[in-house]
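Enquirer: Starting from these lines, generate the structure:
(chains A, B, C and D)
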Amino acid sequence: MTESEATTVEEAEKAIPATEEEEEAIAPEAVAPELYVSISPHFKSKESVSKIMWTVVACLQPPLILSVFIFGFQTLIITLISVLSCVGTEYVSNRCLGRPTDSIKDGSAVITGLLLAYVIPPGVPYWMPILGGVVAIYVTKVLMGGLGYNMFNPALIGRAFLVATYPVAMTSAWLPPIRDASVFKYMGAGVDAVSTATPLYILKHYGMAAVIERFGSLSVIYRDFFIGLRPGCIGETSAFILIIGGCFLIYKRYVTWHIPVSVIVSVGLLTWIFGGEKFFTGNPLLAVLSGGVIIGAFFMATDYVTSPTQVTGKIIFGVGVGALTVLIRLKGGYPEGVCYAILLMNPLTPALNRWFKPKRFAPEPEEGA
Amino acid sequence: MAIKEKTNKQLFVDGILKENPIFKLALSMCPAVGISTSVMNGILLGTAVLFVQVCSSCTISLVRNYIHPKIRIPTYTLTIATWVTVIDLVLAAYVPVAYKAMGLFVRLIVAFAIITMRLEMFACKNPLPKSFWDGFGMGLGFMFAMMTLGFVRELLGSGMIMGYDVLGFKPLLYFVLPCAGFVTVGLMMGFFNWIEVVYERRKKG
Amino acid sequence: MKSIKSYHLLVGVLLIAALFLTGCEGAGHKFVKKTEFKDSDKIVLTFAGPVDEVWATNVANFSCYEKPDPDIVLTIKEAVLSPEKTKLTLIFEAPLNTGEAHILSTTNIMSEGQDMGAALLTVKKLYFGVLMTIFLGAALIKNFVFTKYLGLCVFFGCSQKRSTAIGMGMVFTIVIAFAATMAWALYQFVLKPYQLTFLNIVVFIGLVSLSVQGVDTILRKINPALFKAFGVYLVLVIANCIAIAVPLILADNEYTGWESFSLALGAGIGFLIALFLMACVREKLELAKVPPSFQGLPIAFVTAGLFALAFLGFSGLSIY
Amino acid sequence: MNQIIKITFALTISCVIAASAMGLAYTMTAKAKKHNHHMNVYNAMIGLLGFGEDNPAPSDLKFLNVYRYIVEDGDKKFLGYMVPVEKGTEEAYEMVLIDLEGNFVEKLEVPISAEKAEEAQDRAKALQKVLAAPKIFAYADASVIATSGGKRLGYVLPRKFPGFRTFIHGIVAMDPKFELLGLEIMEHEEDAGLGKEIEQEYFRNQFKGKSYEKLKTLEVVKKPLPVEYKKYLEKSKWEEGMFTEEQIAEIRKQYKDADIYAITASTISSKAVTDGVKNVAKKFAYRIDKLDSVLKKEKIHAAF
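Expert: Residues are numbered from 1 along each chain as shown, chains lettered A, B, ... in the order given. Alright, predicted model coming up:
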């Protein structure tokens, strides 16, 4: 996989060919005063992009700390590797393309790295997030033109790539939560030695009774899952901390409530209707608390670049994510569908933005196309 | 276009490199994405396409003076379809394993844009030897591209080359999966564009 | 054309899909309203009225076999009656082969002391369900563009603008549905009986060209405005390998007429969806600072690869 | 007008030429194609019975087809077995009708030659003559019985069963005691890299040597395949001196009653194949017993 870059011959001449890992490229940015045409979102507030990004990063710290207590110390290492891989890829590829490298300071690569780590199982080998990070940043973001132009959520593409490439590890490297505060318990332990199954997997293949048998009575399940004491991806387990982080972002008006609420409500509602033996007998609370619905709703589906900007569009987007999630969960080949649901809705964002743009007061212009 | 002044050799080489049907002309992408999972597949389908391309080019070139301009396209289609049927039957009869590996794609050669395009642009205006070399170059170019893609995907996907285990493990299963075809082709195209830029620069400097 | 906005079309497609989804079912015996498979090892019977619990829960009253194996009676492990006594679930010892029709015979059905007579019921997947499976399979799960890589030349050629994408997709859907159904008829009634199957390729490609010509002529007469909008795409249909792949697939798999139609419609709608999604993204990509040697087709390919990755989410989806 | 005639004429001529070219190719390849297909199946069957280069098949090895039909007469149903019988030196076919409980009903001679019997259409024509109007018959399946020197060597059953995606076409081979001789996967549409592994030796060969008793309760386990066992299963990759006789015997003994190890991340495909094989074997064992006892009782001299 050798990818390469070059603008024009003249520019290429000046460039020093740089080789690093998998990318090699040449071509400095043609720096010229130009009219800056940007696509949505257009921020009009005083908040700069990087301040928002770093706030999100801060909001994403508590789940990491908690995950160390739930799954052990190696989650921290995985997360660190993932973040370093993302930031490193961004730096190296921007350097090679001759783009300004200070873009890594805006924190977006850090967020991608964190989110990527949060949606992979805690028992994967340490080299796996490196690969995920390279694909997430290079293929999804850098090739598409950098921050603001990516069509898909980079972290989720990274995850989908890893699931396709290492289906075994990505679907079986789950760890049971630690309940005796020994954070070094699973360090270096083989995956097979401790692997368990996620609640959604058990629900899909063995039914509700098996979930209750495995995790205790319903009230215990709700309590444990709310705190985060369940097998699952590194950062997705604790509904409680994720909701606090998400609410803080909403309070700061960095994201609006429409997408998270519509995702969660539609997942709950549709599971309640279709999820049981008969109509209206599904368990909505369990559906929302297990899997990646909460982290998906608050931190992935609300990504500025890949979600709509207008209220109607946001709600349609959220409901679409919820509906596809439930469809894949109940009828699909995978136990969890949040990742694919968001990826499938992402490309609709430009269309949703156009269909539901705010009413213009000037007369409708002639359609040029 | 300066096609007419080209010698046979140039025609042949151009088909493989400068006008490579997959990486340069971006025609007939379906098989390039679809069954480029191994080098062997590339060789097999490449041979089939080579055969159809050469035979159709020669046929059209031979009868080019008798084709009524109004039924040009139907004649091309008929010619290609006939040759595709022939190779389809021959493969099914004598090389069933290869036939099975390629599945529907052998019969889909009939819809490959590259063949029709060469007939329309070249074979219907040029004498037999030239058309033959043009067709041969195009066919080989297609085969070369398919083999390159197959090499990358087979090596990365299953750690093998031509069915021989060279790595001993499967580095990135993703590359044998159906969805990897697009990304591989995209990256390879970018890579070839970049090579061209570098090449041009070297020539100038 | 101006009045039809693209999202109206989307809503229309969704409505049609919803209509399709709500099918109705027939019965085999006057007292039995519905028979259906459930999970992999259950058959559910719905009766018109309450049945006797003693009769219903005795597994000896039922016997079931796969249609081609009348001599091998499947063992029923348990019969469970729902509280309202109208729904009986027969649980089998081994998983059933739900692709095959099952014959279920019962002794005289007892309902509130009345004898309703014995029943011989056929349990099979709804034909409608089979059609829907084929349709959804072709449109989403095994999308021709993203999982079978067919029709790529047209896919990349026509996905630069949304209006083009929708026009091409619709024209293609119409033509393919028409051509494939004709191809099916021709294959079943002419080519196969006379052992001319080696002419498949020529005949099918001829049929596609003919359909294109036919739609062209009809459209030109009936709706010149529509023709003006969509006419340009008609020629491109022939260059689309899906148009020739669909007839070949349905000849290979011996589909019936309705199945062929669903496959063709699914293929067309799937192509429309793929084109539309791709066009949405490519319009945005035009503004992006894509690295120079990736501009144009290479980046489009990479994007299509990401789509294919996202479409993996549909793999293994089975609605019916 | 003149032009139209000219075009039509040209098109007709080219169509005729094209059609004759294709027809020629078809007639030239048809025989080879059929032969090839036949050899393909034949070789697969020979391989499944355990014959190969170092263990050549006996010269009098014969594959005899038994065709099963479902015959309906009003609302009564019978199983019809079209069995090859010995009649002097020639081979002939007889239709043996058996009711669902396994009792003999009727015996009919089928006027068809051994060569023609392989074609479904010819069989249907011949059967039409003996199973007259009120009776309806429908083809169910064919089983192959391999014999040598008048003794049965094994049963070869080409069947299809549901997989994860679509149907899987496979051939199951059993010895006369219904011990599994092997499994061959002919066609399938499982996922590349995942379910596609069912064609691999390490999966298929796990079925080899399973006794009928074990087969009935065969399960799929989600455990990693032991390295040594995997090496043993991949017979085509064996090198000289990789295993000693004792080692082979020991591995065979150790895993003889083992369940099937699932393909990693493709439990559903693995289970589908296992269930399919189980079903095929169970049904066939049940039926061949019934058929044998009827043939014995009615003194029908079947060729196997």
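
Enquirer: confidence score at the residue in the stretch 101-250 of chain A positioned nearest to chain D?
Expert: The nearest approach of the stretch 101-250 of chain A to chain D comes at A:Pro167, 4.1 Å away (Cβ to the nearest Cβ). C-betas here are computed from N, CA, C, even on glycine. Looking at A:Pro167, its pLDDT reads 77.

Enquirer: Show me how chain D divides into domains.
Expert: D:1-48, D:60-304 (automatic domain parsing).

Enquirer: Quick check: which of those domains is buried the most?
Expert: domain D:60-304 (a mean of 17; mean count of other Cβ atoms under 10 Å in any protein chain shown).

Enquirer: Figure out which of the domains of chain D is closest to B:Phe136.
Expert: domain D:1-48 (21.3 Å; Cβ to Cβ).

Enquirer: chain center to that closest one: distance?
Expert: 29 Å (Cα atoms, centre = their mean, to the nearest Å).

Enquirer: pLDDT (mean, whole number) over it?
Expert: 83.

Enquirer: just to revisit the earlier point, counting neighbours, what do you get for the residue of the stretch 101-250 of chain A closest to chain D?
Expert: 19 (other Cβ atoms under 10 Å in any protein chain shown).

Enquirer: wait, isn't it in contact with D:Leu194?
Expert: Yes - in this structure, A:Pro167 is within contact of D:Leu194 by Cβ atoms under 8 Å, at 6.6 Å.

Enquirer: just to revisit the earlier point, the domains of chain D into a markdown table, with extra columns for distance to chain B?
Expert: Output for the domains of chain D, formatted as a markdown table (distance: least, Cβ to the nearest Cβ, whole Å):
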| stretch | distance to chain B |
| --- | --- |
| domain D:1-48 | 4 |
| domain D:60-304 | 5 |
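
Enquirer: how near is D:Pro176 to chain A?
Expert: 39 Å (Cβ to the nearest Cβ, to the nearest Å).

Enquirer: isn't that residue right up against D:Ala146?
Expert: No - applying Cβ under 8 Å as the test, D:Pro176 and D:Ala146 come out as separate, 9.8 Å apart.

Enquirer: Between these two, which contacts overlap?
Expert: D:Arg152, D:Leu153, D:Gly154, D:Tyr155 (Cβ atoms under 8 Å, 6 or more residues apart in numbering or on different chains).

Enquirer: ok, of these, which one's closest to C:Asp39?
Expert: Nearest to C:Asp39 among the shared contacts of D:Pro176 and D:Ala146, with distances taken as Cβ to Cβ, is D:Tyr155, at 32.4 Å.

Enquirer: And the closest one, what's its pLDDT?
Expert: D:Tyr155 is given a pLDDT of 90.

Enquirer: Which residue comes closest to it once chain neighbours are left out?
Expert: Leaving aside its chain neighbours, D:Tyr155 sits nearest to D:Met174 (4.9 Å; criterion: Cβ to Cβ, 6 or more residues apart in numbering or on different chains).

Enquirer: Nearest spatial neighbour of A:Val83, chain-adjacent residues omitted?
Expert: Closest to A:Val83 by Cβ to Cβ, 6+ apart is A:Gly113, at 3.3 Å.

Enquirer: ugh, typo on my part, it should be D:Tyr229
Expert: Using Cβ to Cβ, 6+ apart, the nearest residue to D:Tyr229 is D:Tyr255, at 5.7 Å.

Enquirer: And A:Lys204, by the same measure?
Expert: A:Pro335 (4.6 Å).

Enquirer: three-state assignment of the spatially most central residue of chain B?
Expert: Nearest to the mean C-alpha position of chain B, by Cα atoms, centre = their mean, lies B:Phe142 at 2.3 Å. Put simply, B:Phe142 is helix when judged by DSSP: H, G, I helix; E, B strand; the rest coil.

Enquirer: With C:Glu36 instead?
Expert: Assignment for C:Glu36 (three-state DSSP): strand.

Enquirer: and if you look at the one 10 residues further on?
Expert: Per three-state DSSP, the local secondary structure of C:Thr46 is strand.

Enquirer: Can you check the pLDDT for the closest residue to it other than its chain neighbours?
Expert: For C:Thr46, ignoring the flanking residues on the chain, the nearest one in space by Cβ to Cβ, 6+ apart is C:Lys34 at 4.0 Å. pLDDT recorded at C:Lys34 is 77.
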